[in-house]
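Visitor: mind folding the following:
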Amino acid sequence: MALDAGGRLVSGALAGRNAAASDATAPRRTALSEEDIRRSLARELHDRVAQTLTSMLVDLENFKADQFGRDSVVRQADLLQESTREVLNNLRDVIYELRGYPIVDEGFVDTVRAILGRYQEKSHIGVDLSVAPGWPAQIQSPAALNLYRIIEEALVNVRRHSTADRVLIRLSASPYGELLISISDNGRGMEVVDLGPTSLGMVGMSERALVLGGRFQVERPSGGGTTVIVTVPTHRS
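Guide: Numbers count the residues shown, from 1 in each chain. Next comes the predicted model:
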């Protein structure tokens, strides 16, 4: 006979089964605890460090805009931006690994197709994907994940704000060593106030493009709708 966890007498066989069950659940509890710690650490790194580095990039870009004619100052700011991007990209690699994000750099187009399929199913908005011949077969991390998140956020904006029923995503490469992503919808077109730098997820998309040394812009075609355009240097991908 033996005592169980509640102090009650149990048979030896039952005690053995309870001990085995406890041993079997112990690794599961440990695994869950480790996963929670990893996610908590990733969240702290993102909120406290990555956001600060991203703000530094934005501040440096604004600083450069005020240095017209001061080429040496702009060059120094460029070097600071380059170093900051390198640190931020390395940090984001660590964050993505801690969070357990799916690998998108080895199959970027396939990953985009997968999210488009889920998006159409949930939103009932048709999406067409056009991939130009020059688009690379593989994109390195963290460029792949940043571009993926830009597409994801743009689709969220379409669903929430545009009243569109069709979206066209184009992936292409320019002859000037740049990758181009455009996301166009046939919705109502965003108002001027919506195009501000602090609205509708524009900050996040713009910052991701800036981290990659690229450009982010939003256009309202004369025929209606909204087009988001991201341009990233090929050497960043």
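Visitor: I figured residue 145 hits residue 96, correct?
Guide: Yes - counting by Cβ atoms under 8 Å, residue 145 touches residue 96, with 6.1 Å between them. Bear in mind the C-beta positions are built from the backbone N, C-alpha and C, glycine included.
Visitor: which one's more surrounded, these two?
Guide: Each of residue 145 and residue 96 has its neighbours counted (other Cβ atoms under 10 Å); residue 145 has more, 22 against 18.
Visitor: point out the other helices and strands that the helix or strand the more buried one falls within packs with.
Guide: According to DSSP states H and E, residue 145 maps onto helix 143-157. Applying 3 or more Cβ pairs under 8 Å, 6 or more residues apart in numbering; DSSP states H and E, we find helix 143-157 packed against helix 71-99, helix 108-123, strand 178-185, helix 202-211, strand 226-233.
Visitor: can you give me the buried ones in it?
Guide: Neighbour-count burial for helix 143-157 flags 143-151, 153-155, 157 (criterion: 16 or more other Cβ atoms under 10 Å).
Visitor: quick one: the helix or strand just after that helix to helix 143-157, angle?
Guide: Next helix or strand after helix 143-157 toward the C-terminus (DSSP H and E): strand 166-174. Computed by axes from the mean of the first three to the mean of the last three Cα atoms, to 10 degrees, the angle separating strand 166-174 from helix 143-157 equals 150 degrees.
Visitor: what is the orientation angle of strand 166-174 with helix 108-123?
Guide: Using the same axes, to 10 degrees: strand 166-174 against helix 108-123 is 170 degrees.
Visitor: quick one: strands adjacent to strand 166-174?
Guide: strand 126-131 (parallel), strand 178-185 (antiparallel) (DSSP bridges).
Visitor: what's the closest of those to residue 208?
Guide: For the strands paired with strand 166-174, the distance to residue 208 is smallest for strand 178-185, at 11.1 Å, taking Cβ to Cβ.
Visitor: what's that closest one in contact with?
Guide: The contact list for strand 178-185, computed with Cβ atoms under 8 Å, 6 or more residues apart in numbering, reads 135-136, 147, 150-151, 154-155, 158, 162, 164, 166-174, 214, 221, 225-234, 237.
Visitor: any idea how far the spatially most central residue of the chain is from residue 79?
Guide: The residue lying closest to the centre of the chain (Cα atoms, centre = their mean) is residue 149, at 3.3 Å. Separation of residue 149 from residue 79 (Cβ to Cβ, to the nearest Å) stands at 27 Å.
Visitor: quick one: contacts for residue 92?
Guide: Applying Cβ under 8 Å, 6+ apart, the residues near residue 92 are 50, 142, 145-146.
Visitor: equivalent analysis for residue 159, please.
Guide: Counting by Cβ under 8 Å, 6+ apart, residue 159 touches 119, 123, 125.
Visitor: which pLDDT does the model give the last one?
Guide: For residue 125, the model assigns a pLDDT of 94.
Visitor: which ones are touching it?
Guide: Contacts of residue 125 by Cβ under 8 Å, 6+ apart are 119, 158-159, 164-167.
Visitor: try the second one
Guide: Residue 123 makes contact with residue 159, according to Cβ under 8 Å, 6+ apart.
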